[in-house]
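Colleague: Turn this into a model:
(2 chains)
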Amino acid sequence: MEREIAVVFREEAGKATATLTRSFGDFGLAEEAVQEAFIAAMDRWPTDGIPDSPGAWVTTTARRKALDRLRREQTFARKAHLVAFDHVVSGEEIGDLEAGDDRLALLFMCCHPSLAPEGQIALTLRAVGGLTTREIARAFMVLETTMAQRLTRAKRKIERAGIPFRVPPPELVEERLQQVLHIVYLIFNEGYAVTEGGELIREDLCAEAISLGELLVQLMPEEAEARGLLALMLLHDARRPARVGADGELITLEKQDRKRWDRDQIETGAGHVRRALEAGEVGPYQIQASIALAHATAASAAETDWVHISWLYEQLGRVQPTPVVELNRAVALAMAEGPDRGLEMIERLGEDGRLNRYHLFHSARAELLRRAGRSVDAASAYRTAIDLTENERERAFLRQRLEEVTSLADN
Amino acid sequence: MQYALLIYTEPMAEPRSDDETAASMKLWQEFTQEVVDAGAMRGGEALDEIATATTVRVRDGKVITSDGPFAETKEVLGGFYLVECDNIDEAIGWAAKIPIVHQGSVEVRPLWNVPEEYQVAE
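Modeller: From the prediction side, this is the model:
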């Protein structure tokens, strides 16, 4: 029941926070009031049942909590004009009053670049996503008090630095939307990274990031990159059931049981990729989603369309010229045209030097050398990769490969 | 709300020619005029070069003066504007138009309202 309440509450919390921020003109107050409404829900719903219209219940209860708080703080007189306005418009009506746009304003406020990135993440999850401070702390593996401080600091800055509650004007919206997408994707990646324990809360983070993506697509349907990000997250998330083995070990894409992928979700993701690409302007999220789609629709690892994927990485490299993208392109090229073509690119990247401390660079290089039959070079690259890898499971995998190539080299 | 736009730059390695100074000053004048025309100007000053600075501390009751700022920072405070804005986005907008922002940096800081009981009448 507690879990069920939390899930229902999360659906409604963002809308309630946005609505109250609009009607009271005070984000801190709105945010606290909605959290108090959550505590009230936890208290009441187990006996009374979940209300027919939980959204109206949360908004009405939170409004009452906010009014209580204003009275307690004796700022009642000062804000009386807002309260008077509040009496004219009833709870339900306010709930419908451009609540969608208000949530968008809330999201842009929480992801304002004047806030520290970890503050943006925490605030987005709490104010828009309706997670409690404890849940966010667990997801990021920090103490609850640490997370509470992080939230307080961010909220204080919003108030003191004058960070506005609004959808940015046209000249700012592109730049700020990029930041919102970035924060949403960071939340998703935090949930998608495989770490020990806390599996449920990490799945929640992915689900939360996806629902933020859905919200963005719903409210800004013309923004192709928002749709691209949603598609990318859906396609990655569809592979989740096949990503982790019985002992919690990470299973590489190549070895995953494709029957366990969520086909419906892949279909939904594919639809978003198509619609985003039709919109015209192609950006990095759409290209990454296209790559994820090429993997998701391949019947088997062997039947993956590597020519198409290496072309997509080339396009990605144009809009996002980073060495990690180049590395991925080299690997795709090796799959499409043979290890020598990939190695050529990888050696060029090695001269560039920026990836020299990156274990995946060395393990990819080792893998291509092994496939090219250069066992001695491969062994040395595996050793470097092992030294740089911190993850124990990955290290075990690399050691096994090292043994294989050294026994080949000895013969 | 009022914001201070604190302008940080690296000190000039060598003096500029008169023409360079004139060209640069024209940009500052234009920017300042824009802020004034928008009704946002609340004040501002330029500081003389860092070589003219003296740093003062009092330790154990003794006044210690030294040349220059103590911190070994590359960028130093060169001046500031005080602007009236509705929100931080407007202040960031002004900061992004300050002539040296392409080389140095501008720190945007809201003013802190000193509580009435601590204010001193002039």
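Colleague: Disregarding flanking residues, what is the spatial nearest neighbour of the residue in the stretch 201-350 of chain A that chain B sits nearest to?
Modeller: Per Cβ to the nearest Cβ, residue A:220 is where the stretch 201-350 of chain A lies closest to chain B, at 18.5 Å. Bear in mind the C-beta positions are built from the backbone N, C-alpha and C, glycine included. By the measure of Cβ to Cβ, 6 or more residues apart in numbering or on different chains, the closest residue to residue A:220 outside its immediate chain neighbours is residue A:226, 5.5 Å from it.
Colleague: In terms of secondary structure, what does the helix or strand where residue B:57 lies contact?
Modeller: Taking DSSP states H and E as the criterion, residue B:57 maps to strand B:54-59. Secondary-structure packing of strand B:54-59 (3 or more Cβ pairs under 8 Å, 6 or more residues apart in numbering or on different chains; DSSP states H and E): strand B:62-67.
Colleague: Show me what the strand it packs on is packed against.
Modeller: Strand B:62-67 packs on strand B:54-59, going by 3+ Cβ pairs under 8 Å, 6+ apart.
Colleague: Show me how far the strand it packs on is from its chain's centre.
Modeller: The chain centroid and the centroid of strand B:54-59 are separated by 21 Å under Cα atoms, centre = their mean, to the nearest Å.
Colleague: Give the pairing partners of that strand; include direction for each.
Modeller: Counting by DSSP bridges, the strands paired with strand B:54-59 are strand B:62-67 (antiparallel).
Colleague: Quick check: next helix or strand after the helix or strand harbouring residue A:233?
Modeller: Applying DSSP H and E as the criterion places residue A:233 in helix A:224-238. Once helix A:224-238 ends, the next helix or strand along the chain (criterion: DSSP H and E) is helix A:240-243.
Colleague: got the contact list for that next one?
Modeller: A:192, A:194, A:203, A:206, A:250-251, A:256-258, A:260-262 (Cβ atoms under 8 Å, 6 or more residues apart in numbering or on different chains).
Colleague: Output those residues in a markdown table; the columns should cover neighbour count and secondary structure.
Modeller: Below are the contacts of helix A:240-243 laid out as a markdown table (neighbours: other Cβ atoms under 10 Å in any protein chain shown; DSSP: H, G, I helix; E, B strand; the rest coil):
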| residue | neighbour count | secondary structure |
| --- | --- | --- |
| A:192 | 19 | helix |
| A:194 | 14 | coil |
| A:203 | 14 | helix |
| A:206 | 20 | helix |
| A:250 | 12 | strand |
| A:251 | 15 | coil |
| A:256 | 18 | coil |
| A:257 | 10 | coil |
| A:258 | 15 | helix |
| A:260 | 13 | helix |
| A:261 | 18 | coil |
| A:262 | 18 | coil |
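Colleague: By pLDDT, rank the residues you listed and give me the bottom one.
Modeller: Lowest pLDDT among these: residue A:194, with 59.
Colleague: Now do the SS call for residue 112.
Modeller: Just going to use chain A. Following DSSP: H, G, I helix; E, B strand; the rest coil, the label given to residue A:112 is coil.
Colleague: that answer is for a different chain, and I need it for chain B
Modeller: coil.
Colleague: ok, the residue of the stretch 201-350 of chain A closest to chain B - how many residues close by?
Modeller: When counting by other Cβ atoms under 10 Å in any protein chain shown, one arrives at 17 neighbours for residue A:220.
Colleague: can you check residue A:353 too?
Modeller: 9.
Colleague: and it, how far is that from chain B?
Modeller: Taking Cβ to the nearest Cβ, to the nearest Å as the measure, residue A:353 falls 25 Å from chain B.
Colleague: ditto for residue A:1
Modeller: 42 Å.
Colleague: can you pull the contacts of that residue?
Modeller: A:45-46.
Colleague: Find me the pLDDT at it, would you?
Modeller: Residue A:1 is given a pLDDT of 78.
Colleague: and residue A:59, what element?
Modeller: Judged by DSSP H and E, residue A:59 forms part of helix A:54-72.
Colleague: same thing with residue A:362?
Modeller: helix A:359-371.
Colleague: how far is that helix from where the chain is centred?
Modeller: Relative to the chain's own centre, helix A:359-371 is displaced by 28 Å; criterion: Cα atoms, centre = their mean.
Colleague: Who are the packing partners of that helix?
Modeller: Using 3+ Cβ pairs under 8 Å, 6+ apart, helix A:359-371 sits against helix A:323-337, helix A:339-352, helix A:375-388, helix A:392-410.
Colleague: Restricting to C-alpha, output it in PDB.
Modeller: Taking Å, rounded to 0.1, in the frame of the first residue of the first chain, the C-alpha atoms of helix A:359-371 are listed here in PDB:
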ATOM      1  CA  HIS A 359      39.600   1.800 -19.500                       C
ATOM      2  CA  LEU A 360      36.900   1.200 -22.200                       C
ATOM      3  CA  PHE A 361      39.400   2.700 -24.800                       C
ATOM      4  CA  HIS A 362      42.000   0.100 -23.900                       C
ATOM      5  CA  SER A 363      39.500  -2.800 -23.700                       C
ATOM      6  CA  ALA A 364      38.000  -1.900 -27.100                       C
ATOM      7  CA  ARG A 365      41.500  -1.600 -28.500                       C
ATOM      8  CA  ALA A 366      42.500  -5.000 -27.000                       C
ATOM      9  CA  GLU A 367      39.300  -6.600 -28.400                       C
ATOM     10  CA  LEU A 368      40.100  -5.400 -31.900                       C
ATOM     11  CA  LEU A 369      43.700  -6.500 -31.700                       C
ATOM     12  CA  ARG A 370      42.600  -9.900 -30.500                       C
ATOM     13  CA  ARG A 371      40.200 -10.200 -33.500                       C
END
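Colleague: All set, thanks.
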